[in-house]
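[1] show me the folded form of this:
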Amino acid sequence: MSGHSKWKNIMHKKEKTDAARAKVFTKVGKEIAMAVRDGGPDPVANGKLRDLITKAKSLNVPNDNIKRIIEKASDSGAASYEIVTYEGYGPGGVAVIVETATDNRNRTAPMVRHAFSKYGGSLGTTGCVSFLFQDKGVIVVDNEDGDIDEETIMDEALEAGAGDFSAEEGVFEIYTDPADFAAVCDALAEKGYKFVSADLAKVPVTTVELADPDQQEQMQKMLDLLEEDDDVQNVWHNWDD
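    Model prediction:
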């Protein structure tokens, strides 16, 4: 499936500093809080919350932290955020979707627009690039040591309900329909597989290559600036980097 290179980089992102990991914890905590507000604190009845708990565990967020986030979000006085999604183009026509969780659109929108324009991109209208992506569950299993048999994990993933499977350098990538994501995660976790990442994502249907080194540098700087912002939850793109 196209767009796999984005997922290979997750392993490297997970090796960042404690400060970077803390930022990841904050972002997933915000997502969990919004899911609790919208659907209640019971993951059995709240499928979105269940998916986010799976994501949090894949990012090594401690169970006690997850529990505290859910309890705090159940408080009627908890901060309120809304999901706002922006779409646009990066250098060379790369399609980019930015998902934010914000309590102030007047702060978030100019920041996103600035990130695009500063590095040769342009913010577009809603729907301008979303048709280039599919909603998928994406599970990345670490195989850096090469001790997992490819045929075995592929058979087990497909049997659990996965729709696609890819073996890349050091990882196995498993794709599911969003509705099957939690069940496939549970089945693989029960078999002892450790996830590098497990999340619902927008996976590109086709990818764009940037041959110009300057465009590559500009694109990476734009992505870094977006992902560093506290309001930004997820950034998806179709750059084949």
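
[2] return the set of buried residues in the longest helix that the chain contains.
    Identified as the longest helix of the chain according to DSSP state H is helix 18-39. For helix 18-39, the buried set under the neighbour-count rule, 16 or more other C-beta atoms under 10 Å, comprises 21, 23-25, 27-37. Glycine gets a C-beta too; all of them are placed from N, C-alpha and C.

[3] closest to Asp224 out of those residues?
    Using C-beta to C-beta, Lys23 comes nearest to Asp224 of the buried residues of helix 18-39, at 12.5 Å.

[4] tell me how far that closest one lies from Pro43.
    For Lys23, the distance to Pro43 equals 24 Å [C-beta to C-beta, to the nearest Å].

[5] and Phe165, by the same measure?
    Phe165 sits 26 Å away from Pro43, going by C-beta to C-beta.

[6] the two: which is more packed in?
    Applying other C-beta atoms under 10 Å to Phe165 and Pro43 shows that Pro43 carries more neighbours, namely 21 against 18.

[7] neighbours of Val129, how many?
    22.

[8] for it, grab phi and psi.
    Note on Val129: backbone dihedrals following degrees, to the nearest 10 are phi -130, psi -10.

[9] pretty sure it is touching Tyr89, no?
    Yes. With contact defined as C-beta atoms under 8 Å, Val129 counts as touching Tyr89 (7.0 Å).

[10] which neighbours do the two have in common?
    Residues touching both Val129 and Tyr89 (C-beta atoms under 8 Å, 6 or more residues apart in numbering): Ala95, Val96.

[11] partners of Asp199 in the sheet?
    Val138 (DSSP bridges).

[12] which ones are touching it?
    Asp199 neighbours (C-beta under 8 Å, 6+ apart): Lys55, Ser58, Gly137, Val138.

[13] in a helix, the first one, correct?
    Yes. Per DSSP: H, G, I helix; E, B strand; the rest coil, Lys55 lies within a helix segment.

[14] give me the neighbour count for it.
    Lys55 has 20 neighbouring residues, counting by other C-beta under 10 Å.

[15] now swap in the last one and tell me
    If you count neighbours by other C-beta under 10 Å, Val138 ends up with 23.

[16] quick one: it and Val203 touch, right?
    Yes. Using C-beta under 8 Å, Val138 is in contact with Val203, at 6.6 Å.

[17] shared neighbours of those two, which are they?
    Joint contacts of Val138 and Val203 (C-beta under 8 Å, 6+ apart) are Tyr175.
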